[in-house]
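Asks: Can you look at this prediction? I've put the sequence above it.
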Amino acid sequence: MSKNILVSVAWPYANSQIHVGNITGSYLPADIFARYQRLAGNRVLMVSGSDAHGTPVTVRADAEQTTPLQVYQKYHTGFLELFLKLGLAYDLFTSTHTHNHFKVSQSIFLALLKNGYLYTERQQQWYAAAQRRFLPDRYVEGTCYICGYTNARGDQCDNCGSLLDATQLIDPRSKTDGSTPELLETEHFYLDLGKLQPEIVEFLRQRQDYWRPNVIRQSLGQILADDLHGRAITRDLDWGIPVPVEGWEGKCLYVWFEAVIGYLSAAVEWSQVAGEPDAWHDWWYEPEARAYYFIGKDNIPFHAVIWPAQLKGAGEWFGRIFEERSGTTLILPYDVPANEFMNLEGQKISGSRNWAVWGLDFLSRYDPDPLRYYLTANMPESKDTDWDWQEFFNRNNNELLATWGNLPNRVFPIAFRHWEGVVPEPGELRPEDKEILAVVDAGFQVVGEHINAVRLRAGLSEAMRLATEVNKYLDKFKPWFEIKTDRQAAAKSVYTALRAIDSLKVLLSPFLPFTSERLHTYLGYTQPLFGEQATEVIQDQLGEHTVLRYRPEKASGKWAPSQLQPGQALNQLEPLFRKLDESLVTEERERLGQ
Ligand SMILES: [Zn+2]
């Protein structure tokens, strides 16, 4: 039975480039999972976009003396380029700066208001008289009231690490013009998490047996240790989504509140772009649909507690307000398989110190599949891991190339030299031929179960183990010798190995889509394994924005053992992977932190 699976991927903040830690933290695991589910015949909708709003974008715009819109567009364009090159097959990668997202977010807000889960409260905030605006916490600097450090930020002190209450800063000053702000009263909407707590606890208890321990610890564990409190969900800021209530002009929905709504709004936008405006209902209203959220561990509370609270709190009113539909509620997360962090050469990745391997920079020198391989083999699924340049080179040369990349090289040339490049007719298979095929075919069950449970390292490791088994089979029969004495025996070996390789190509394709697609062509297939991905420009009331969209129409791949037929014409094999020159390790290490 085909299932509807929503693959929700973390929204990158449009104020910085993406590094390998971000890729292995959420984007790559989501893509591997989605590619597998599509091959397995499920209906997948994989969505995300650029997080365009909030003070990190406006602060960067002020620093670069440009507009928030231009900052967001610049980084968004970089994300699209990276995801295309890396083969991340988003059904839709959009942005939060779209008319559709504004409308969906405001509908969630109004539904929460209608259901009594929002309240207002007055609070003190720094106001810059010269700029006639309230200053977000990040716009105020001053002396830390805990340690006395004179350059503390409003939200945090970089010296002692304390989270600060901006209103208590000593000698405050505006970050933009250095003027002294004054404390004035302002009013904000709060999400009443305390009132929603019983339902959130129940939601988490239903999932605690299969969620990752760290995710349960940071959600259910936290709530049981310390009750939930209301959180402000509006800000005095003009870059963002207006609060849809009269008298609240000049205030915006807080970025953490609206960005998570993007998972819903992107599904709605995808339906519109695909010309089936109601298609998103299958992933958002169907109780049987499963929603997975691929995020890093720093985002667990937002996805495992606050976002479910928003969905639960919006209830049936969302449908009524958004599309005059009653009796339906939005589905809650099925799983939030958050990853830990990846460090770099033993230190925490830091963009500001340039202690990072940036995705686009890396792909200017290396191919995408070796990156995907290394990041999966080293994925921080249960604990922090480390990017090590020497290890990247080792794994590329000694595993990816030696075990898998060379395998087709061991049989394609024989098929071309002795059978004119067609798959030989094997006759009756020997017991050992049948056995190796059975071993590889069993991988569809085992690797599939690993990926379905988001154990991607285990899935990749099992697929590579099977490639090793096929190498052993060839070591034993040596068709390059068999051909000299027994052409029929060699035909059995070559046929069996090609068929095993054909299966391995599928087993590895969620991890290594580019090389699997090429190998698929060398094996003589004319229909591609996967669909196509391209950018499209969308017009709306806010202007235009560019999206990435995956088109599955031409995809022919199936998560099933090879049915390779004798007589199928092969194409000339090109090397799948390059051997990397290990003297470059030093060069790469010297690049870091420069
Ligand atoms: Zn301090």
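Replies: Received, thanks.
Asks: Show residues contacting stretch 192-205.
Replies: For stretch 192-205, contacts defined as C-beta atoms under 8 Å, 6 or more residues apart in numbering pick out 116-119, 216, 219-220, 223-224, 227-231, 304-306, 308-309, 312-313, 332. C-beta coordinates here come from the backbone N, C-alpha and C atoms, glycine included.
Asks: try 7 Å
Replies: With contact meaning C-beta atoms under 7 Å, 6 or more residues apart in numbering, stretch 192-205 is reached by 117-119, 219-220, 223, 227-231, 305, 308-309, 312-313, 332.
Asks: Let's see the ChimeraX selection covering just the buried ones among the residues you listed.
Replies: Buried members of the contacts of stretch 192-205 can be picked out in ChimeraX with the line below, counting by 16 or more other C-beta atoms under 10 Å:
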select :117,118,219,220,223,228,230,231,305,308,309,312,313,332
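Asks: in stretch 482-491, what's buried?
Replies: Buried residues in stretch 482-491, defined by neighbour count with 16+ other C-beta under 10 Å: 482-483, 489-491.
Asks: residues contacting residue 589?
Replies: 345, 389.
Asks: Can you point out the buried residues in the helix or strand it falls within?
Replies: If you go by DSSP states H and E, residue 589 is part of helix 584-591. Across helix 584-591, burial judged by 16+ other C-beta under 10 Å covers 585, 588.
Asks: Quick one: distance of that helix to the chain centre.
Replies: 28 Å (C-alpha atoms, centre = their mean, to the nearest Å).
Asks: Just the CA trace of it, in PDB.
Replies: Output in PDB follows, covering the C-alpha atoms of helix 584-591 (Å, rounded to 0.1, in the frame of the first residue of the first chain):
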ATOM      1  CA  LEU A 584      45.900  17.600  -1.200                       C
ATOM      2  CA  VAL A 585      45.000  16.900   2.400                       C
ATOM      3  CA  THR A 586      47.600  19.400   3.600                       C
ATOM      4  CA  GLU A 587      46.400  22.000   1.200                       C
ATOM      5  CA  GLU A 588      42.800  21.500   2.400                       C
ATOM      6  CA  ARG A 589      43.800  21.800   6.000                       C
ATOM      7  CA  GLU A 590      45.700  25.000   5.300                       C
ATOM      8  CA  ARG A 591      42.600  26.500   3.800                       C
END
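Asks: can you offset everything so residue one is 50?
Replies: Shifting the count to begin at 50 puts that one at helix 633-640.
Asks: Which residue ranges of the stretch 100-249 of the chain form helices?
Replies: Counting by DSSP state H, counting those that start in this stretch, the stretch 100-249 of the chain has these helices, from start to end: 104-112, 117-135, 148-163, 242-254.
Asks: The ion: which of those is closest?
Replies: Relative to the ion, the nearest member of those by C-beta to the ion is helix 104-112, separated by 20.0 Å.
Asks: I'd like the average pLDDT over the closest one.
Replies: Here helix 104-112 scores 85 as its mean pLDDT.
Asks: If you count contacts, what does that helix end up packed against?
Replies: helix 117-135 (3 or more C-beta pairs under 7 Å, 6 or more residues apart in numbering; DSSP states H and E).
Asks: what's the angle from the helix it packs on to helix 104-112?
Replies: With axes from the mean of the first three to the mean of the last three C-alpha atoms, to 10 degrees defining the directions, helix 117-135 sits at 110 degrees from helix 104-112.
Asks: Helix 117-135: how far from the chain's middle?
Replies: With C-alpha atoms, centre = their mean, you get 15 Å for helix 117-135.
Asks: List the contacts of it.
Replies: Taking C-beta under 7 Å, 6+ apart as the rule, helix 117-135 contacts 61, 63-67, 99, 101, 106-107, 109-110, 113, 139, 142, 144, 146, 288, 408-409, 412, 417, 582, 584, 595, 597.
Asks: Pull out the buried members of these.
Replies: Among the contacts of helix 117-135, those classed as buried by 16+ other C-beta under 10 Å are 61, 63-67, 99, 101, 106-107, 109-110, 139, 142, 144, 146, 288, 408, 417, 582, 597.
Asks: Which ones among the residues you listed lie within strands?
Replies: The members of the buried ones among the contacts of helix 117-135 that map onto strands under DSSP state E are 99, 142, 144, 582, 597.
Asks: Quick check: nearest residue in space to the last one, chain neighbours excluded?
Replies: Distances taken as C-beta to C-beta, 6 or more residues apart in numbering put residue 142 closest to residue 597, at 4.0 Å, once the chain neighbours are dropped.
Asks: Next one, pLDDT for that neighbour please.
Replies: Note for residue 142: predicted pLDDT of 98.
Asks: circling back to that earlier point, can you lay out the ones in strands among the buried ones among the contacts of helix 117-135 as TSV showing distance to residue 463?
Replies: Output for these, formatted as TSV (distance: C-beta to C-beta, whole Å):
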residue	distance to residue 463
99	50
142	44
144	52
582	36
597	41
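Asks: Which positions in the stretch 50-199 of the chain make contact with the ion?
Replies: 193, 195-196, 198 (C-beta under 5 Å from the ion).
Asks: what's the most distant pair in the residues you listed?
Replies: Maximum pairwise distance among those (C-beta to C-beta): 8.5 Å, between 195 and 198.
Asks: Show me whatever sits in contact with both of those two.
Replies: 206, 209.
Asks: quick one: low-confidence parts of this protein?
Replies: Low-confidence segments of the chain, defined by pLDDT under 70, are absent.
Asks: and it, which of its residues are near the ion?
Replies: Of all the residues in the chain, those lying near the ion are 193, 195-196, 198, 206, 208-209, going by C-beta under 5 Å from the ion.
Asks: just the buried members of those residues?
Replies: 193, 206.
Asks: the helices in the stretch 250-399 of the chain, which residues?
Replies: With DSSP H, counting those that start in this stretch as the criterion, the stretch 250-399 of the chain has helices spanning 262-265, 271-274, 304-308, 311-322, 330-333, 349-350, 356-363, 366-372.
Asks: Do a quick rundown of the strands in the stretch 350-499 of the chain.
Replies: Using DSSP state E, counting those that start in this stretch, the strands of the stretch 350-499 of the chain run over residues 391-393, 434-436.
Asks: burial measure for whichever residue of the stretch 400-549 of the chain sits closest to the ion, as a count.
Replies: Using C-beta to the ion, the closest approach of the stretch 400-549 of the chain to the ion is made by residue 401 at 18.6 Å. Counted with other C-beta atoms under 10 Å, the neighbours of residue 401 add up to 7.
Asks: for residue 480, same thing?
Replies: When neighbours are counted by other C-beta under 10 Å, residue 480 registers 6.
Asks: rewinding a little: got phi/psi on the residue of the stretch 400-549 of the chain closest to the ion?
Replies: Residue 401 adopts backbone torsions of phi -70, psi -30, taken as degrees, to the nearest 10.
Asks: and if you look at the one 5 residues further on?
Replies: Geometry field for residue 406 lists phi and psi as phi -110, psi 110, criterion degrees, to the nearest 10.
Asks: My guess is it contacts residue 67. True?
Replies: No - the criterion here is C-beta atoms under 7 Å, and residue 406 misses it with residue 67 at 10.5 Å.
Asks: Let me see the contact set for the nearest residue to residue 136 once chain neighbours are set aside.
Replies: Distances taken as C-beta to C-beta, 6+ apart put residue 562 closest to residue 136, at 4.9 Å, once the chain neighbours are dropped. For residue 562, the contact set (C-beta under 7 Å, 6+ apart) comprises 84, 136, 579.
Asks: Swap in 8 Å and give it another go.
Replies: 84, 136, 138, 418, 421, 578-579.
Asks: Check the gap between residue 614 and the ion for me.
Replies: To the ion, residue 614 is 71 Å away according to C-beta to the ion, to the nearest Å.
Asks: Specify the local secondary structure of that residue.
Replies: Per DSSP: H, G, I helix; E, B strand; the rest coil, the local secondary structure of residue 614 is coil.
Asks: In contact with residue 386, which residues are there?
Replies: Per C-beta under 8 Å, 6+ apart, neighbours of residue 386: 78, 260-261, 264, 341-343, 430, 503.
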